[in-house]
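Q: model this:
(one chain, ligands or ions: 1)
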Amino acid sequence: MPAQSLGHVVVLGGGVAGLLAAHVLARHAERVTVVERDHPGAGPAPRPGVPQSRHTHVLLTSGIDALDALLPGLPDEVRAAGGPRLDIPGDVGVWQGGQWVNRRNPSRPVLTASRPLFEHVLRERVLSGPGIEVLASTEVVGLTGDPGAVTGVVLRERGEQARPTGLAADLVVDATGRSSRLPRWWAELGGGAVEEDLLETGRAYATCVFESDDAPPQDIGGFYLVPEAGQPLGAIVLPAEGDRWMVTLSGPRGQAPPADVAGFVDFARLLPHDAPHKWLSTARAVGRPSGYRHTANRRRRWDRALRRTTGLLVVGDALSAFNPVYGQGLSVSALNAVALRDALDRSGEVSRWQRAVLRSGAGAWVVATGADSPMPGAEGGALRSGPVEGVLNRYLARVRDRVPGDPVVCAAFRDVLFLLAPPTSLLTTPGVLRRALLSPVVPTPPDLPTR
Ligand SMILES: Cc1cc2nc3c(=O)[nH]c(=O)nc-3n(C[C@H](O)[C@H](O)[C@H](O)COP(=O)(O)OP(=O)(O)OC[C@H]3O[C@@H](n4cnc5c(N)ncnc54)[C@H](O)[C@@H]3O)c2cc1C
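A: Below you'll find the model as predicted:
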């Protein structure tokens, strides 16, 4: 516990990162106010403030563990509400390095509840605790204070006649997501520009919900076709609650999946194996595909900008947003909250908490930018190029090629991808370096893998 109470904490945004931050901070604050521009309904449903809520969401093993540590039993509550759990690669047809991954390789669990269900279960649980109030249908439009000390926010209730009002805070936490306007509010306060790490591949997404009387063959619970430099198309087919299948297709810059059902299904023909297209052709679409294009990896260096500022902290996608194709954002929000909880227990300085929160997403940043750097058309200051990166990329390509047929390499790679181990473990885990450099690629059968 910090020696003194945090007083009044105002959390901007009531999405996953905002709810988790509110939960952690409530233990240390007199009261927490969450300001949310949407009015989330009584049940799980997509909402305008979270445009990604119509897209497939996977909660990785690290996210499951972090959530369970913060809110014991929450992953089980998500399952009890219908959110499926799958083991990867045991339950899923994963295509990587030009072949199917052996399903007998060691597995780890993921949860595949829809984003609205996941957030709904989380909201109910967090708001059932004491000390947290939500101001819904209320938009944050600015900060108060100065660059040395942020003292509150400017709010406006949604509606035509609404006037801006001030809300004083001892600590303001920005959790307004990928489209956070904090850089502008900070500049209006006289804070100057915030440094930004950026890597953009132009990947375009489309997701459509399907129903089917039949699961994919071979008792496969879903598909994950991983985009790579030589094969830049991606596909995710996973069950969600309510006997629905979430199907996401993605392509590099200039190759967006179409937003009509026939074109969407047809796009799946281009995938490197015909199994997902065959299954999709027998399933029924529920509604139209939803597109999404803001897939850049973007990390704002609030740890540097706020070094000498009190009263302001940034978490979740507002701090680090990742190319969603790697399925990391929810898990990083949970890891951010664990890091904040631990930092609050150690020290009373906000700038230290900010550094700890940023560090908790550093592994995910290395994974996403490392995988995106060799993609065609990748650009931005965080692009990893140069002789050292060239050697590392060649090594990682050798690792990736061995994932399908080598259980040791597969387990090590999967643990990095699922944020359970740091990226450096691909060099230090016993056997991985030797196998990647000296062992031949073990081919797996060309047909859909059996368990
Ligand atoms: C297409 C896509 C697919 C994804 N798939 C996955 C996946 O498979 N697995 C995974 O782990 N992650 C995935 N993510 C990332 C994941 O959605 C986010 O990382 C996660 O939701 C945490 O986000 P957040 O809470 O920081 O922001 P958000 O979820 O965006 O929430 C921000 C909240 O702030 C509110 N808000 C915004 N501005 C204001 C304002 N001015 N005033 C008041 N309120 C405001 C919004 O209404 C919203 O409620 C995906 C993202 C995208 C875009």
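Q: Ramachandran angles for Pro376?
A: phi -60, psi 130 (degrees, to the nearest 10).
Q: Just give the number of residues close to it.
A: When neighbours are counted by other Cβ atoms under 10 Å, Pro376 registers 13. Where C-beta positions appear, they are placed from N, C-alpha and C, glycine not excepted.
Q: go on, Pro109?
A: 17.
Q: who's in contact with the helix or strand harbouring it?
A: Per DSSP states H and E, Pro109 falls inside strand 108-111. For strand 108-111, the surrounding residues in contact (Cβ atoms under 8 Å, 6 or more residues apart in numbering) are 58-61, 64, 75, 78-79, 83-88, 118, 327, 414-415, 418, 420.
Q: do it and the ligand meet at all?
A: No: using Cβ under 6 Å from any ligand atom, strand 108-111 stays clear of the ligand, with a minimum separation of 9.0 Å.
Q: Tell me the helix or strand right after that strand.
A: Next element after strand 108-111 (DSSP H and E): helix 115-127.
Q: could you say what helices and strands that following helix packs with?
A: helix 16-26, helix 74-80 (3 or more Cβ pairs under 8 Å, 6 or more residues apart in numbering; DSSP states H and E).
Q: of those helices, which approaches the ligand most closely?
A: With distances scored as Cβ to the nearest ligand atom, the stretch of those nearest to the ligand is helix 16-26 (3.4 Å).
Q: Are that closest one and the ligand in contact anywhere?
A: Yes: contact of helix 16-26 with the ligand (Cβ under 6 Å from any ligand atom) involves 16-18.
Q: Please list the residues of the stretch 101-250 of the chain that sit near the ligand.
A: 139-140, 175-178, 205.
Q: For the stretch 201-350 of the chain, give me the ranges with low pLDDT.
A: Within the stretch 201-350 of the chain, no stretch falls below the threshold (pLDDT under 70).
Q: which stretches of it form helices?
A: For the stretch 201-350 of the chain, the helices defined by DSSP state H, counting those that start in this stretch occupy 261-267, 275-282, 302-305, 329-346, 350-360.
Q: Quickly compare those and say which is most buried.
A: For those, the largest average neighbour count (mean count of other Cβ atoms under 10 Å) is found in helix 329-346, namely a mean of 23.
Q: what residues does it touch?
A: Counting by Cβ under 8 Å, 6+ apart, 1-2, 16-17, 20-21, 23-25, 27-28, 57, 59-60, 62-63, 66-67, 69-70, 118, 313, 315-317, 319-322, 352-353, 356-357, 359-361, 364, 418-419 sit against helix 329-346.
Q: measure the residue nearest to Glu241 when sequence neighbours are not counted to Ala240 for me?
A: Among residues not flanking Glu241 along the chain, Gly82 sits closest, at 3.1 Å (Cβ to Cβ, 6 or more residues apart in numbering). For Gly82, the distance to Ala240 (Cβ to Cβ, to the nearest Å) stands at 8 Å.
Q: Repeat that for Val209.
A: 8 Å.
Q: so what's in contact with the two at the same time?
A: Met246.
Q: surely Ser290 meets Thr56?
A: No: contact criterion Cβ atoms under 8 Å: Ser290 and Thr56 do not qualify, at 10.7 Å.
Q: Neighbour count for the two, which is higher?
A: It is Thr56, of Ser290 and Thr56, that has more neighbours when counted by other Cβ under 10 Å, with 23 against 18.
Q: Most distant residue from the centre of the protein?
A: Going by Cα atoms, centre = their mean, the residue of the chain most distant from its centre is Gln161, 36.2 Å out.
Q: And the pLDDT at the residue nearest to Glu241?
A: You'll see Gly82 listed with a pLDDT of 98.
Q: sorry, back to before: residues shared between the contacts of Ser290 and Thr56?
A: By Cβ under 8 Å, 6+ apart, Ser290 and Thr56 have these common neighbours: Thr207.
Q: Can you say which of the contacts of strand 108-111 are buried?
A: With neighbours counted by 16 or more other Cβ atoms under 10 Å, the contacts of strand 108-111 contain buried members at 58-61, 64, 75, 78, 83-88, 118, 327, 414-415, 418, 420.
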